[in-house]
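>>> Build the 3D model from these lines:
(one chain, ligands or ions: 3)
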Amino acid sequence: MLSLAHTIARNPRTASRTWPAETVVYLPDGNTIHSLNETASVVWEFLIHRPTVAQIVRHVAHEFEVSEEQATQDVKTLLETLAARNLVIFSGGLDDGNARGVSATARESDKAERQIPLLYRIKDRAREQNIPMHALLELTNNCNLWCRHCYITHRPAKGELTLDEIKPILDQLADLGVLFLTLTGGEALSRKDFFSIAEYARQRDFSFSLFTNGTLITPSVADRLKELALERAEISILGATAATHDAITQVEGSFEKAIEGARLLIDRGINVQLKTTWMKLNIDESEEIRDLVDSLGVTSFRGGNLIIHRRDGSSENSSLAAEESQMRAMQQRRLDRHPGAQLPPDPPPLSEEQKKDIIPCGAGQTSLRIDAYGNVYPCAAINVLLGDAKTTPLAEIWYGSEELEKIRAIRLADLPECSACALWQRCTRCAGLALMETGSLFAASPQACRVARIQHKFLEEKQCELQ
Ligand SMILES: C[S@@+](CC[C@H](N)C(=O)[O-])C[C@H]1O[C@@H](n2cnc3c(N)ncnc32)[C@H](O)[C@@H]1O
Ligand code: SF4
Ligand code: SF4
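Ligands and ions are numbered 1, 2, ... in the order given. Model prediction:
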């Protein structure tokens, strides 16, 4: 039973951000997200002082002008709920540990019932309130690998942001409401001061994830990432065999190191997502890559078909796109593997009214990207420069950029070809790639069209065969 003498602290593995009228709290262990109302937010803020329950009661009574008797029950109920969700830690009371007894069952049911709808609601609120809940921070263009498809250019990097320049940027991102921070590159772990940056990000209460090639993850790197409550690592696996992966990265031994890196994180209970870009060089191993993923026990896997042009404007890497016959063979292997799996039915067509509301691309809605030099962009792929974070306050860029305003306003109805396209709901069009390919953010993307048509044709043929 919680007593007034208990001392309460936030679980140090949580990340949180207070937005108008709510605080969003994320816990990587169990991958849960929570929304606290205004009253709970006041308590959450106060917990940084590691107060006793009695002190919290006095604080709440004062803030909300209620009697201490009235506040006591509410505070205790709230703290027990937070403990059940593993968001706070009790110590120093008469019977420590009771809260933990409550927690296991409450946490499980809480997670199952609340998480997905809650995440959508939080994203909607961020969009409505124009809060960038997510930022992608490219720490360097430098990398120890030379992947043949990579869009990153300009190596070795000169004039990249220093730790002293990154800290005020992180401060501003926190002030803007960013909770989820992705550290990427190039290879972010190649920066000698990577952990100083990550530690500062955690001090500022960000939840951080890492995009990495995995090769620089040693046991001690994995230990430090665990200590810092890394939310998720996304590791690129570009083949099911060393021969294929290393031929793409152009560095021998990179496959073994990437797999070892993934294992070290998985062993420590860190969420790991493996991801790949399907190319003519690796798509024939699609099922073997999936088997590898399953054998490692990673949290999830994602494969993408689009190849973004290089940042220097060259589209020469597009020649790596898989052949139509390879893409069809991949779809066929999937189907052979899962013969009972239903072919997805055609989604119902969208009305003209719906098209006016649908946001075709999330860029700039609730996220932004800052490159290794401090240049600010709407996302990883749209290379429309919004400003320089070294010289312009981020709030001025986020709230004041006319370019960003225009991008945010784009709706499906504004895209002449895509809004009339029957494949829209199955298409993975990327607005940034469309801009690179055609010069327009409103155009269809030839690469996306090609992929969508090949996949659709295959499905149509299979459906005919079934009839
Ligand atoms: C640029 S890398 C940076 C992080 C890290 N070095 C890695 O490889 O995961 C981020 C992701 O973009 C993918 N990528 C690189 N070039 C790409 C391109 N031209 N088109 C699509 N994805 C690309 C990589 O495979 C990787 O999954
Ligand atoms: S590891 Fe990542 S940054 Fe490095 S070359 Fe490959 S895709 Fe590019
Ligand atoms: S990119 Fe092409 S396939 Fe995709 S919705 Fe637009 S027109 Fe259709």
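
>>> Just give me the neighbour total for the residue of the stretch 1-150 of the chain found nearest ligand 3.
Relative to ligand 3, the nearest point of the stretch 1-150 of the chain is residue 149 (20.2 Å; C-beta to the nearest ligand atom). Quick note: C-beta positions are derived from backbone N, CA and C, even for glycine. With neighbours defined by other C-beta atoms under 10 Å, the count for residue 149 comes to 18.

>>> That one contacts residue 279, correct?
Yes. Counting by C-beta atoms under 8 Å, residue 149 does reach residue 279; the two are 6.0 Å apart.

>>> Now the common contact residues for these two.
248, 307, 320 (C-beta atoms under 8 Å, 6 or more residues apart in numbering).

>>> Go through those and single out the one with the most neighbours.
residue 248 (24 neighbours).

>>> Touching, it and residue 276? I think so.
No. Contact criterion C-beta under 8 Å: residue 248 and residue 276 do not qualify, at 9.6 Å.

>>> hey, what's in contact with both of these two?
In contact with both residue 248 and residue 276: 238, 282, using C-beta under 8 Å, 6+ apart.

>>> and the nearest residue to residue 143 once chain neighbours are set aside, what does it touch?
In space, and not counting its chain neighbours, residue 143 is closest to residue 187: 4.2 Å by C-beta to C-beta, 6 or more residues apart in numbering. Residue 187 makes contact with 140, 142, 143, 144, 145, 212, 213, 215, 216, according to C-beta under 8 Å, 6+ apart.

>>> And the last one, how far from ligand 3?
Yep, that's residue 216 we're talking about. Distance of residue 216 to ligand 3, given as C-beta to the nearest ligand atom, to the nearest Å: 36 Å.

>>> In three-state terms, label that residue for me.
Following DSSP: H, G, I helix; E, B strand; the rest coil, the label given to residue 216 is coil.

>>> Let me see the contact set for the nearest residue to it once chain neighbours are set aside.
Using C-beta to C-beta, 6+ apart and skipping residues adjacent in sequence, the residue nearest residue 216 is residue 189, 4.1 Å away. Counting by C-beta under 8 Å, 6+ apart, residue 189 touches 210, 212, 216, 217, 221.

>>> so who does the second one touch?
Same thing as residue 212. Per C-beta under 8 Å, 6+ apart, neighbours of residue 212: 184, 187, 188, 189, 233, 234, 235, 236, 261.

>>> quick one, phi/psi of it?
phi -150, psi 160 (degrees, to the nearest 10).

>>> So in terms of bridging, what pairs with it?
Here residue 212 sits in beta bridges with residue 235, going by DSSP bridges.

>>> Kindly report the same for residue 137.
residue 183, residue 370.

>>> Distance of it relative to residue 341?
39 Å (C-beta to C-beta, to the nearest Å).

>>> ok, those two, which is more surrounded?
Set side by side, residue 137 and residue 341 show more neighbours around residue 137, with 26 against 9, by other C-beta under 10 Å.

>>> before we move on, the earlier item: tell me the one of the shared contacts of residue 149 and residue 279 nearest ligand 3?
residue 307 (14.7 Å).

>>> Next, that closest one: phi, psi?
Residue torsions, per degrees, to the nearest 10, at residue 307 are phi -120, psi 110.

>>> Next up, the contacts around it.
Contacts of residue 307 by C-beta under 8 Å, 6+ apart are 149, 277, 279, 317, 318, 320, 321, 447.

>>> just the buried members of those?
149, 277, 279, 317, 318, 320, 321, 447 (16 or more other C-beta atoms under 10 Å).

>>> and the residue nearest to residue 154 when sequence neighbours are not counted, which of the three is it?
For residue 154, ignoring the flanking residues on the chain, the nearest one in space by C-beta to C-beta, 6+ apart is residue 141 at 5.4 Å. When classified by three-state DSSP, residue 141 comes out as coil.

>>> So which residues of the stretch 251-400 of the chain form strands?
272-277, 300-304, 367-370, 375-377, 387-388 (DSSP state E, counting those that start in this stretch).

>>> Find me the pLDDT at the closest residue to residue 264 other than its chain neighbours, would you?
Leaving aside its chain neighbours, residue 264 sits nearest to residue 222 (3.9 Å; criterion: C-beta to C-beta, 6+ apart). pLDDT for residue 222: 98.

>>> Just the element for residue 222, please.
helix 219-227 (DSSP states H and E).
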